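**Student:** Please work out how this folds:
(2 chains)
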Amino acid sequence: MSTNSKPQVGKKRSRAAETWRRLKKNRNAMIGLSLIIIIIVVALAAPLFIDYETQVINQNIAERLQGPSLKHLFGTDNLGRDIFFRILYGARISLLIGAVSCLICCTTGVALGAIAGFFGGKVDDIIMRCFDILLAIPSTLMAIILVAAFGTSLFNIILAVGIPTLPQYVRIARASVLTIKQQEYVEAARAIGATNFQIIRTHILPNCLAPVLVQATLRVATVIADAAALAFLGLGIPEPTPEWGGMLSAGRAFLRDYPHTVLFPGLAIMITILALNLLGDGLRDALDPKLKK
Amino acid sequence: MSEKIVEIKDLYVDYETDDGIVHAVNGMNLSLEKGKSLGLVGETGAGKTTTALSIMRLIPDPPGVIKKGSIMVDGKDILSMSIKEIRALRGKYVSMIFQDPMTSLNPAITVGEQIAEVLREHDRKMSKSESMKRAEEMLRTVGIAEDRIHDYAHQFSGGMRQRVVIAIALACNPQLLIADEPTTALDVTIQAQILETMKELRKKFGTSLIMITHDLGIVAEICDEVSVVYGGRVVEHGTLEDVFNNTKHPYTEGLFNSLPNINNRTAMLRPIPGLMLDPTEDPPGCPFAPRCAYATSECEKSKPPLITFSDTHYVECHRYKEPDFKLQGRD
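**Tutor:** Alright, predicted model coming up:
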């Protein structure tokens, strides 16, 4: 539309596009990302191909503890349920726990951290000391206490595994805000009459997004592992809902004679966490401005 | 007498740090008529920036405290305003250009959004597309092609960024623009361009200007009046003509002597000996006395009086009480 358009000096490239370009070059991160996409697609599509009532939770004692075969790809468990289908369905639970707890804790944690860092003083002291206390309690212990106290509903489990990750978000957000609020453009924003809220929203948060994003990706993995650990300890989603940790726990009794009952759920947990960690590491490199060429 | 855009009277600003109280501004008096431009000249640490920040009430508090004095902007008392009133003033009536364009733009959002932000901040009803349109106009006004509106700060050179900063500062058409060493971070050729742009825009919008600088060349280029600041006070004030051609204060003379002379290129520079006084101290006498070639014992003992030479020109110096006192002059 502009008639006197001069030759473009630099290609219009947003930071997201720039990060994506660098992430694409990182083979490990791309493997991680592909695996995650496959797991998400499988989790979303599972109900289209598998009937929950008949194929996932229906017990069939006649076919119990069969090894992998064409009929049962990963074999069956001690109640004759197809492990393959249960793993596919279990991905829904694990991803749901990971995503929702991450979303809730990331937003709360970052908001609190930003407030602490921005306003400083007493507000900072109170918020940070609270999270220091939280940080002093081992995360698994914390999760066990919370679930034991409030019961094993899905939402409780999401909170139980999420709350121990809160201090990480708070600290990361606070640290970035502390550096960013010293920047001249924050002072400049104040000089044009911006309010504190506006300064935090438009000037500070977008600039501390990178470390938070990396942290969130890595935390999804720990949250999934923690949820599996809870289930393994018998504090997870109750049977017969398929849950990877719960399947591990149930298969433990048959480990010696029927290792496939533990092997496949274990692999599912491992691959998901590996994929998330690969992506997280890749993101950290891609977002690091020092590596910019 | 025409209307004053800024009037600062007897302003004292302290920074109360753990290591002691720093007296940054000690009885500053400043005034500027509408549409005029004032140069605030002095060494690093003389209190120029603190004065400018206090006009916008941007002194970091803590540790900064405005001890006493008054600041009137366009007849309104800044110091008694609520935060909300001040916020409405910032950017709309008084704008500021910061020293380093490399750091005064947000790297995470486009320059267009940053210009539009000021506009929308002061006119909540303005639509996004309307503000972006105005942002395009502003970019064109400061000499940047408007199709670069979606670019990020890192895609611009230093001079271009400072133009963007100027566009942000002038977007709301403020009455007063405070420029805090706007060209210090730029190289000389770009400096000249930026000054030229500022001069043109000032003419176009009729904005009053306070130019903070330690570069006397810039003052000569752009200012109508000059205040020479030392130790948080104005030690000499006058029109450009008064201060440049009829220099009275020994410190001002020292500043001129520290510049290379274009007519005598082999001449040695004569820097002012010594260092700026420790701002945590409050000497009983003239703050410049320890470094002054003309200082007498009286200078060390009591504060210098205000000596006026004309309606526009005054200094604070003991020696002018002697009727035939004269500076030795410049090379």
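**Student:** How many residues are close by the residue in the stretch 151-300 of chain B that chain A sits nearest to?
**Tutor:** Going by Cβ to the nearest Cβ, chain A is nearest to residue B:155 of the stretch 151-300 of chain B, at 4.2 Å. Just so you know, the C-beta spots here come from the backbone N, C-alpha and C atoms, and that holds for glycine as well. Neighbourhood size, residue B:155 [other Cβ atoms under 10 Å in any protein chain shown]: 18.
**Student:** Could I get the contacting residues of residue B:120?
**Tutor:** Contact analysis of residue B:120 by Cβ atoms under 8 Å, 6 or more residues apart in numbering or on different chains lists B:126, B:128, B:131.
**Student:** Can you check the pLDDT for the residue of the stretch 151-300 of chain B closest to chain A?
**Tutor:** We have a pLDDT of 85 for residue B:155.
**Student:** Just the buried ones among the contacts of residue B:120, please.
**Tutor:** Using 16 or more other Cβ atoms under 10 Å in any protein chain shown as the burial test, the contacts of residue B:120 include B:126, B:131 as buried.
**Student:** Quick one: residues contacting residue 190.
**Tutor:** All of this is about chain A. Contacts of residue A:190 (Cβ under 8 Å, 6+ apart): A:199, B:58, B:90.
**Student:** that's the other chain; I wanted chain B
**Tutor:** Contacts of residue B:190 by Cβ under 8 Å, 6+ apart are B:158-159, B:162, B:183.
**Student:** Could you dump the residues you listed into CSV and include distance to chain A, secondary structure and pLDDT?
**Tutor:** Shown next, in CSV, are these (distance: Cβ to the nearest Cβ, whole Å; DSSP: H, G, I helix; E, B strand; the rest coil; pLDDT from 0 to 100):
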residue, distance to chain A, secondary structure, pLDDT
B:158, 14, helix, 84
B:159, 13, helix, 85
B:162, 12, helix, 88
B:183, 16, coil, 83
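**Student:** Could you export these as CSV, including neighbour count?
**Tutor:** Converted to CSV, the contacts of residue B:190 look like this (neighbours: other Cβ atoms under 10 Å in any protein chain shown):
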residue, neighbour count
B:158, 15
B:159, 19
B:162, 31
B:183, 24
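**Student:** Just the mean pLDDT for stretch B:263-272, thanks.
**Tutor:** Stretch B:263-272 shows a mean pLDDT of 80.
**Student:** what number of residues lie near residue 255?
**Tutor:** You didn't say which chain, so I picked chain A. Count around residue A:255 with other Cβ under 10 Å applied: 13.
**Student:** Correction: the question concerned chain B.
**Tutor:** If you count neighbours by other Cβ under 10 Å, residue B:255 ends up with 22.
**Student:** so it sits in a helix?
**Tutor:** Yes: counting by DSSP: H, G, I helix; E, B strand; the rest coil, residue B:255 is located in a helix.
**Student:** how about it, what does it touch?
**Tutor:** B:41, B:216, B:228, B:272 are the contacts of residue B:255 under Cβ under 8 Å, 6+ apart.
**Student:** How about residue B:107?
**Tutor:** A:207, B:152-154.
**Student:** a strand runs through it, doesn't it?
**Tutor:** No: counting by three-state DSSP, residue B:107 is located in no strand; its state is coil.
**Student:** Please report how far it lies from residue B:161.
**Tutor:** 11 Å (Cβ to Cβ, to the nearest Å).
**Student:** For chain A, what's the nearest residue on chain B?
**Tutor:** Counting by Cβ to the nearest Cβ, chain B gets nearest chain A through residue B:91, at 3.3 Å.
**Student:** Tally up the residues packed near residue A:61, please.
**Tutor:** Residue A:61 has 9 neighbouring residues, counting by other Cβ under 10 Å.
**Student:** hmm, back to that, return the member of the contacts of residue B:107 nearest to residue A:270.
**Tutor:** The closest of the contacts of residue B:107 to residue A:270 turns out to be residue A:207 (Cβ to Cβ; 35.2 Å).
**Student:** remind me which residues of the stretch 1-150 of chain A are low pLDDT?
**Tutor:** Where the stretch 1-150 of chain A drops to pLDDT under 70, the residues are A:1-14.
**Student:** Do you have the helices of it handy? List them.
**Tutor:** Along the stretch 1-150 of chain A, counting by DSSP state H, counting those that start in this stretch, helices occupy A:15-24, A:27-49, A:83-119, A:121-136, A:139-150.
**Student:** Out of these, which gets nearest to chain B?
**Tutor:** Of all those, helix A:15-24 comes closest under Cβ to the nearest Cβ, at 6.8 Å.
**Student:** So that closest one, near chain B or not?
**Tutor:** Yes: on the criterion Cβ under 8 Å from any Cβ of the partner chain, helix A:15-24 is in touch with chain B at residue A:15.
**Student:** neighbouring contacts of that helix?
**Tutor:** For helix A:15-24, using Cβ under 8 Å, 6+ apart, the contacting residues are A:13, A:29-30, A:33, A:282-283, A:285-287, A:291, B:108, B:152.
**Student:** For the closest residue to residue B:156 other than its chain neighbours, give me its contacts.
**Tutor:** Excluding the flanking residues, the one nearest residue B:156 by Cβ to Cβ, 6 or more residues apart in numbering or on different chains is residue B:164, at 6.6 Å. Residue B:164 makes contact with B:101, B:105, B:111, B:114-115, B:139, B:142, B:144, B:153, B:156 under the criterion Cβ under 8 Å, 6+ apart.
**Student:** just so I have it, where are all the strands in chain B?
**Tutor:** Secondary structure of chain B (DSSP state E): strands located at B:4-17, B:20-33, B:37-41, B:64-73, B:76-77, B:94-97, B:176-180, B:208-213, B:225-230, B:233-239, B:306-308, B:314-316.
**Student:** which residues are contacting the fourth one?
**Tutor:** So the one you mean is strand B:64-73. Under the contact criterion Cβ under 8 Å, 6+ apart, strand B:64-73 has outside partners B:4-16, B:24, B:27-28, B:50, B:54-55, B:59, B:77-79, B:89, B:93-94, B:175-176.
**Student:** List buried members of those residues by neighbour count.
**Tutor:** By 16+ other Cβ under 10 Å, the contacts of strand B:64-73 give B:4-8, B:11-15, B:24, B:27-28, B:50, B:54-55, B:59, B:78, B:89, B:93-94, B:175-176 as buried.
**Student:** buried sites along the longest helix along chain B?
**Tutor:** Using DSSP state H, we find that the single longest helix of chain B is helix B:188-205. Within helix B:188-205, the residues that count as buried by 16+ other Cβ under 10 Å are B:190-191, B:194-195, B:197-198, B:201-202.
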